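> could you work out the structure for the sequence below:
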Amino acid sequence: MNDKEKLLLTYIEENPFMTQQELSERSGLSRSAVAGYISNLVKQGKIMGRAYVLPKKNGITCIGGANIDRKLQLDGRLIPETSNPAKTEQSSGGVARNIAENLGRLGKQANLITVVGEDTEGSFLLSHTKSFADVSASQRLLNESTGAYSAILDEEGEMLFALADMNIYESVDIGFIDKRWGLISSSEMVLLDTNFPEDVLKYIIRRCQTEGVPLTIIPVSEPKVLKLPTSLEGVSWFICNKGEAETYVGMTIETEGDYFKAAKAITQRGAERVVITRGDQGLIYYTTYKEARAVLPPKVEVADVTGAGDALVAGILFGYLKGSDTDGACRIGVICSSITLQSKYTVAPTLNKTKLQQEFSLFY
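Residues are numbered from 1 along each chain as shown. Here you go, the predicted model:
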């Protein structure tokens with residue numbers, strides 16, 4: 001939105017029944033100019049039809065990956081250059097999709113904008129996810145294979161390495177996003193992972209900043225964090241791990257102080273709140289309000305680390321939009337992560353508001 005559209009929207013929020021003539025008189029704009037700006041606001045999804053009905057906030061819209069997750073856990077020590085006995089599991093995955101499901105399990109309205117193939121895997125993903133999030137803005141693509149992520153875990157459940165086939169996301173363009181902007185712009189929060197092409201990511205970030213749409217960015221991986229622009233102006237939350245932070249700001253993190261230096265450097269690029277995760281040492285956060293703290297996690301028996309970071313993000317956003325401050329939101333995220341760590345599933349089927357409240361009161 002430009003400044004004049006923002007001004008008119010402010011007047012409409014005060015009185016949705018103002019006529020265009022009244023808007024003209026109050027704003028000092030011509031009647032024809034007001035009509036043009038109103039038309040633009042309708043196209044942007046900021047207002048809806050007669051009487052300037054304002055759209056309701058549509059929860060959290062998660063934009064990015066939806067993949068098939070395959071986990072292969074070794075029965076013993078990895079022996080290179082030979083076959084290793086392992087157990088295999090398959091489930092729904094993808095950072096944006098996982099976060100959307102976690103939010104749905106917590107009772108928070110979530111929308112998923114992604115692409116999958118016209119294949120069995122795509123059908124499985126959308127069918128499973130629609131129980132927890134609105135997937136109507138997602139699209140199935142002919143002649144494309146649904147994204148796939150395969151993680152190799154050691155006998156303790158820790159990830160050794162992972163392989164990802166995400167070629168389908170290169171099919172996403174700015175037009176795909178424009179067609180869904182009405183939903184995006186009416187969201188309480190937009191969650192963006194970095195699976196889509198660089199120009200699409202930059203377009204979403206720039207437009208959210210211009211229109212004042214709250215935005216959370218999840219870098220996904222060290223290579224993909226390099227798709228992000230240098231400026232993060234307008235970003236409400238930036239949540240990453242140690243490697244992603246090091247790659248993005250170009251520094252090595254060795255001490256706890258280094259974590260805070262990296263987080264501060266990211267806020268200096270425009271992000272309002274930065275969280276850097278530290279594995280079994282929890283997380284640190286730093287904000288433009290000079291809030292800085294480490295949050296330690298409860299000690300739990302780890303069944304599988306896959307998906308714990310996605311649960312953390314969902315918990316943080318759930319708490320934040322419920323009114324928690326930065327520290328409280330991060331603690332809620334840590335508890336969601338710990339619940340997921342104790343599950344062999346990427347999204348813990350035991351996660352819900354009641355379980356979250358029980359675990360939170362037990363540890364914090």
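
> which residues touch stretch 268-282?
Around stretch 268-282, the neighbours that count as contacts under Cβ atoms under 8 Å, 6 or more residues apart in numbering are 217, 230-242, 245, 253, 259, 262-264, 266-267, 283-288, 294-297, 309, 312, 316, 326, 330, 333-334. All C-beta spots, glycine's among them, are computed from the backbone N, C-alpha and C.

> for residue 70, which non-adjacent residue is closest in space?
Using Cβ to Cβ, 6 or more residues apart in numbering and skipping the chain neighbours, the partner closest in space to residue 70 is residue 150 (4.4 Å).

> could you point out the helix or strand that follows the helix or strand where the one you found lies?
For residue 150, the element it lies in under DSSP states H and E is strand 147-153. For strand 147-153, the following helix or strand on the C-terminal side (DSSP H and E) is strand 159-165.

> I'd like the distance from that following strand to the chain centre, please.
From the chain centre to the centre of strand 159-165 is a distance of 20 Å (Cα atoms, centre = their mean, to the nearest Å).

> ok, and for the following helix or strand past it, which residues are buried?
Sequence-wise, the next helix or strand beyond strand 159-165 is helix 174-178, with elements assigned using DSSP H and E. Residues of helix 174-178 classed as buried by neighbour count (16 or more other Cβ atoms under 10 Å): residue 177.

> now the element after helix 174-178, going C-ward?
Beyond helix 174-178 on the C-terminal side, the first helix or strand identified by DSSP H and E is helix 181-185.

> what comes into contact with that following helix?
44-46, 55, 58, 61, 63, 111, 113, 137, 177, 190, 204, 207-208, 211, 213.

> show me where the protein has strands.
60-63, 67-74, 86-93, 110-113, 115-117, 139-141, 147-153, 159-165, 189-193, 215-218, 235-241, 273-277, 283-287, 292-295 (DSSP state E).

> show me what the fifth one is packed against.
What that stands for is strand 115-117. helix 120-129, strand 139-141 (3 or more Cβ pairs under 8 Å, 6 or more residues apart in numbering; DSSP states H and E).

> go again using 10 Å as the cut-off
The elements that strand 115-117 packs onto, with contact taken as 3 or more Cβ pairs under 10 Å, 6 or more residues apart in numbering; DSSP states H and E, are helix 120-129, strand 139-141, strand 147-153.

> domains in this structure, by residue range?
Following automatic domain parsing, one finds the domains of the chain at 3-52, 60-363.

> comparing the ones you listed, which comes out most buried?
Between the domains of the chain, domain 60-363 has the highest mean count of neighbours, a mean of 19, where neighbours are mean count of other Cβ atoms under 10 Å.

> just how off-centre is that one within its chain?
In this view, domain 60-363 has its centroid 6 Å away from the chain centroid, taken as Cα atoms, centre = their mean.

> just the terminal-to-terminal distance for it.
For domain 60-363, the first and last residues are 27 Å from each other (Cα to Cα, to the nearest Å).

> gap between the residue nearest to residue 230 when sequence neighbours are not counted and residue 200?
Counting by Cβ to Cβ, 6+ apart, residue 269 is the residue found nearest to residue 230 once chain neighbours are left out, at 6.2 Å. Residue 269 sits at a distance of 20 Å from residue 200 (criterion: Cβ to Cβ, to the nearest Å).
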